[in-house]
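In: task: produce atomic coordinates for the following.
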Amino acid sequence: VANEGGKHWTVNEVRALIRIWSDKNIQQQLEGTLRNKRIFEQVAARLQKFGIDRDWKQCRTKYKNLKHEYKSVKSAQDSGSTSKSMKFFNELDAILGHCTMEQASKSDNGESERPPECTEAKSEKDSIG
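Out: Residues are numbered from 1 along each chain as shown. Model prediction:
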C-alpha cells in the first residue's frame, strides 16, 4: 500500500538516504533543530544526484520512521528481547547508537561510556541556552 508520500522506498533509496544522514554535518544540523525543512531540502537535493527523486517531505517522513523504528528495536534489545529487528539496524546504530538519550541516562553513574564528541555536543548546547 502506497503511503501519502507516493511509491515505497527501495532498499537502494533507503541506503542512499542513510548514507547522506550519516554525514556528520547533516547529523549536527538535525540534532540542533526542530525546524528542519531546509536540511531535508539539502538531503533531497543530494538524493537527486544519485538519481533518486524524493521531495524534502518524503525524506523527512522516512527519516522519522527509520528513527522511530530504530528506537523501538533498540529499547527492545536493551530489555533483553531479540524478537524485534529491522533491515537497516546496523547502519542506523552507527549513526544513532553513540548518542541516544537512553545511553546518556544510563551512563550517569560517573563512568561515561559515550564517545567524547557526544558529551561535548551536550555541554555546548547547555552553555548556549
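In: can you list contacts of the longest helix along the chain?
Out: Using DSSP state H to define each element, the chain has its longest helix at helix 56-78. Here helix 56-78 makes contact (C-beta atoms under 8 Å, 6 or more residues apart in numbering) with 3, 5-6, 9, 14, 17-18, 21, 30, 36-37, 40-41, 43-44, 47, 54, 83-86, 88-89, 92-93, 96-97, 100, 102. For every residue, glycine as well, the C-beta is placed using N, CA and C.
In: count the neighbours of residue 60 for me.
Out: Applying other C-beta atoms under 10 Å, we find 20 residues neighbouring residue 60.
In: to clarify, my last question referred to residue 12.
Out: Neighbourhood size, residue 12 [other C-beta under 10 Å]: 11.
In: mind listing what the nearest residue to it once chain neighbours are set aside touches?
Out: Distances taken as C-beta to C-beta, 6 or more residues apart in numbering put residue 52 closest to residue 12, at 7.8 Å, once the chain neighbours are dropped. For residue 52, the contact set (C-beta under 8 Å, 6+ apart) comprises 12, 13, 16.
In: same thing with residue 37?
Out: Each residue near residue 37 by C-beta under 8 Å, 6+ apart is listed here: 56, 60.
In: now residue 93
Out: Contacts of residue 93 (C-beta under 8 Å, 6+ apart): 70, 74.
In: element containing it, please.
Out: helix 89-96 (DSSP states H and E).
In: and residue 53, how far is that from residue 44?
Out: To residue 44, residue 53 is 9 Å away according to C-beta to C-beta, to the nearest Å.
In: geometric centre of the protein: which residue is closest?
Out: Centroid-nearest residue in the chain, with C-alpha atoms, centre = their mean: residue 67, separated by 5.1 Å.
In: which SS class is residue 54?
Out: Here residue 54 is recorded as coil under DSSP: H, G, I helix; E, B strand; the rest coil.
In: count the neighbours of residue 71 for me.
Out: 15.
In: swap in residue 74?
Out: 20.
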